[in-house]
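Trainee: Predicted model and sequence follow; I will ask about them next.
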Amino acid sequence: MGPGSRGMHGGKPEKSKNFSATLKRLFRELGNLRIIVFLGVFFAVGGSVLMIFAPNIVKDLTDEIAKGLTPLGIDFGAVKAIALGLGIMYVSGALLQLAEAWLMANASNRFAQRLRQRISKKINILPLSYFDKHQTGDTLSRVTNDVDMIAQSLNQSLSTLISESILLVGAAAAMIITNIQMAGVAIVASIIGFMFMGAILKNSQKYFEMRQTELGKLNSHIEQIYSGLIVVKAYNGKNDSDVLFDKYNKSVYVANQKSRFLGGLMHPIMNFVGNLGYVAVCITGAILAQRDIIGIGTIVAFITYVRLFTSPLSNIAQSFTSLQSAAAASERVFEFLDAKEMITDSVFKERLAKDSVKGTIEFKNVKFSYNKKKPVIKDFSAIAKPGQKIAIVGPTGAGKTTLVNLLMKFYDIDDGDILIDGHSIKEIPRHDVHSLFTMVLQDTWMFEGTLRDNIAYNHKNVSDKTIMEICDTVGLTHFISTLPDGLDSQISESDSISAGQKQLITIARGMVEDSPLLILDEATSNVDTRTEELVQKAMDKLMQGRTSFVIAHRLSTIKNADLILVMRDGDIIESGNHKQLMEQNGFYTDLYNSQFAL
């Protein structure tokens, strides 16, 4: 996260999204898992209903025991039957709650799994422009922290909220039936509690949303610092990175503090209101009993009902706090899932197999800009004939790499067209366009796996003999001989492999691809002079019979190009082969001679 990014600390949180609308969207997204959720809620409601009827049995049991105070004595048979019925009811309630817990844990975790799968698929169909505007760490935070928060909150709050609401309503109805005066006292107290809870919900949701946003910013900063840790240490940037970390950490702290404090207020407030109602009911019951309006069994049953009535108040408050967290996390996940996608390949009717491609590529008045304000490619036109080696040169920012990105259809052009053998790439699926090119970039990429897997990436039927021949061509044979298990050696991006060796591996990977079109974006920039000479020979062999685009800053490496396109500010200002351009004594000549200037 750059220094210019603004955290929440010292600023005001944005207006929160619609809480109820987000929850409705969340429940819709459950899809077929709603059946499991409904079963879990059903079992939870069943347990609550049993708890509602239990006080009536307690009342009967109390009345039977109270008979022991009279000459009639105690009917132990009735007591035994009532106690047995009460025991069965409590055991059944416990079993129902156990089933509810298992179902909800299953449903919430499966929902989280499905969300991650959707996010994974979404990443592959989002345009690169999305990732240009969003930090990697923030995206990772949506996949991990936000999804986990949704699963945890659903597991903890959904069934609890519904079952406790049923328990609250049922207990209220039972109290009204038992004694309307005492019921009125308890219900008035609960109404006051819900008024407090509504006010807290209205003012705290924005802080729950801010907590997830600020956590994403903090993760972005951590990911950025640790991915470039060598640079941070080399430039003694630890203090600056610590200052930024403290800033984002403070923002998370402030958002957490306010959200948890306001959300946590609901539980003690509802507890206080419930206990206040309980005390009021006890006083009212004592007065009514003194006037012989109700008996001792009614008082015991009503006290039990009051406990059943006040307990859900605290649990409902806690559930709403969890749902606030789920809503805040859901908003970020849904924002990602709703992001504009690239056009799917299924809409393209025209197909272009790489076996049939000859290699003619034409740029026709191509125009492109990343932000629609500053054009990067203004009006680019050029033709590459089959088998030609096209070099693209120019100063930094001239649009060289952007041109290659457009050719690979990583971005859609704003105007003009690019034709491959007369076929517009606008009409060809991205998958087909990508299969036509072997692309070797300046930035290397290694993944966790064997050296063989890294070289033969996405190609399962490549023999070891072919791999070793390619490795011998690019100069990797000695490196492989130094590894303990040869091609079976495990490597990753974090291994102590030199930048040049990584580049050679990516070049070997490109040679395995064996596509009719070739793109080399500063492919030899990370190798030493001697290795560059070997790689250049390998590249010349690889480019034979293929239309090749080479981006190079070291102009000595493209002297044998068939056509050199000199770019500046998004336009072609000169074109020709090396000899022709040197004879023009123009911008290319200045670039070429600057390499040898002291």
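Mentor: Right, received. Where do you want to start?
Trainee: okay, now the domains of the chain?
Mentor: 19-337, 354-594 (automatic domain parsing).
Trainee: Mean confidence (pLDDT) on the first one, please.
Mentor: Per-residue confidence for domain 19-337 averages out to 75 on the pLDDT scale.
Trainee: which one is Ser369 nearest to, not counting chain neighbours?
Mentor: Leaving aside its sequence neighbours, Ser369 sits nearest to Pro375 (C-beta to C-beta, 6 or more residues apart in numbering; 4.5 Å). Every C-beta, even on glycine, is put in place using the N, C-alpha and C of the backbone.
Trainee: Mind jotting down where the strands sit in the stretch 401-550 of the chain?
Mentor: Counting by DSSP state E, counting those that start in this stretch, the stretch 401-550 of the chain has strands at residues 415-420, 423-424, 437-440, 449-450, 490-491, 517-521, 547-551.
Trainee: so can I have TSV of these showing mean neighbour count, distance to Asn593 and mean pLDDT?
Mentor: TSV is the format used below for the strands of the stretch 401-550 of the chain (neighbours: other C-beta atoms under 10 Å; distance: least, C-beta to C-beta, whole Å; pLDDT from 0 to 100):
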stretch	mean neighbour count	distance to Asn593	mean pLDDT
strand 415-420	17	33	89
strand 423-424	15	40	87
strand 437-440	22	28	81
strand 449-450	14	45	84
strand 490-491	16	41	82
strand 517-521	23	24	83
strand 547-551	24	20	85
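Trainee: Now tabulate the ones you listed in CSV and tack on distance to Ala172.
Mentor: Formatted as CSV, those follow (distance: least, C-beta to C-beta, whole Å):
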stretch, distance to Ala172
strand 415-420, 67
strand 423-424, 69
strand 437-440, 68
strand 449-450, 62
strand 490-491, 65
strand 517-521, 71
strand 547-551, 74
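Trainee: And Glu209, how close does it get to Phe320?
Mentor: For Glu209, the distance to Phe320 (C-beta to C-beta, to the nearest Å) stands at 15 Å.
Trainee: who's more crowded, those two?
Mentor: Taking neighbours as other C-beta atoms under 10 Å, Glu209 and Phe320 compare with Glu209 leading, 26 against 21.
Trainee: Which residue is the nearest non-sequential neighbour of Leu26?
Mentor: Leaving aside its sequence neighbours, Leu26 sits nearest to Ser330 (C-beta to C-beta, 6+ apart; 4.8 Å).
Trainee: Would you mind pointing out the helix or strand the residue lying closest to Ser220 once chain neighbours are set aside falls in?
Mentor: Counting by C-beta to C-beta, 6+ apart, Gly137 is the residue found nearest to Ser220 once chain neighbours are left out, at 3.1 Å. Using DSSP states H and E, Gly137 falls within helix 136-141.
Trainee: now whatever helix or strand comes next after that helix, how far from the chain's geometric center?
Mentor: The C-terminal neighbour of helix 136-141 among helices and strands, as given by DSSP H and E, is helix 147-178. With C-alpha atoms, centre = their mean, to the nearest Å as the basis, helix 147-178 stands 30 Å off its chain's centre.
Trainee: List the buried residues for helix 147-178?
Mentor: 147, 149-168, 170-172, 174-175, 178 (16 or more other C-beta atoms under 10 Å).
Trainee: returning to what we had before: I'd like to know how many residues surround the residue nearest to Ser369.
Mentor: For Pro375, using other C-beta under 10 Å, the count is 18.
Trainee: can you tell me how far it sits from Val366?
Mentor: Taking C-beta to C-beta as the measure, Pro375 falls 11 Å from Val366.
Trainee: for Arg116, same thing?
Mentor: Going from Arg116 to Val366 by C-beta to C-beta gives 38 Å.
Trainee: of these two, who's got more company?
Mentor: Neighbour totals were compared for Arg116 and Val366, and Val366 leads with 24 against 16 (other C-beta under 10 Å).
Trainee: check which helix or strand covers Lys367.
Mentor: When elements are assigned from DSSP H and E, Lys367 belongs to strand 361-369.
Trainee: packing partners for that strand?
Mentor: strand 375-384, helix 400-407, strand 415-420 (3 or more C-beta pairs under 8 Å, 6 or more residues apart in numbering; DSSP states H and E).
Trainee: quick one: strands adjacent to that strand?
Mentor: Looking at strand 361-369 with DSSP bridges, its partner strands are strand 375-384 (antiparallel), strand 415-420 (antiparallel).
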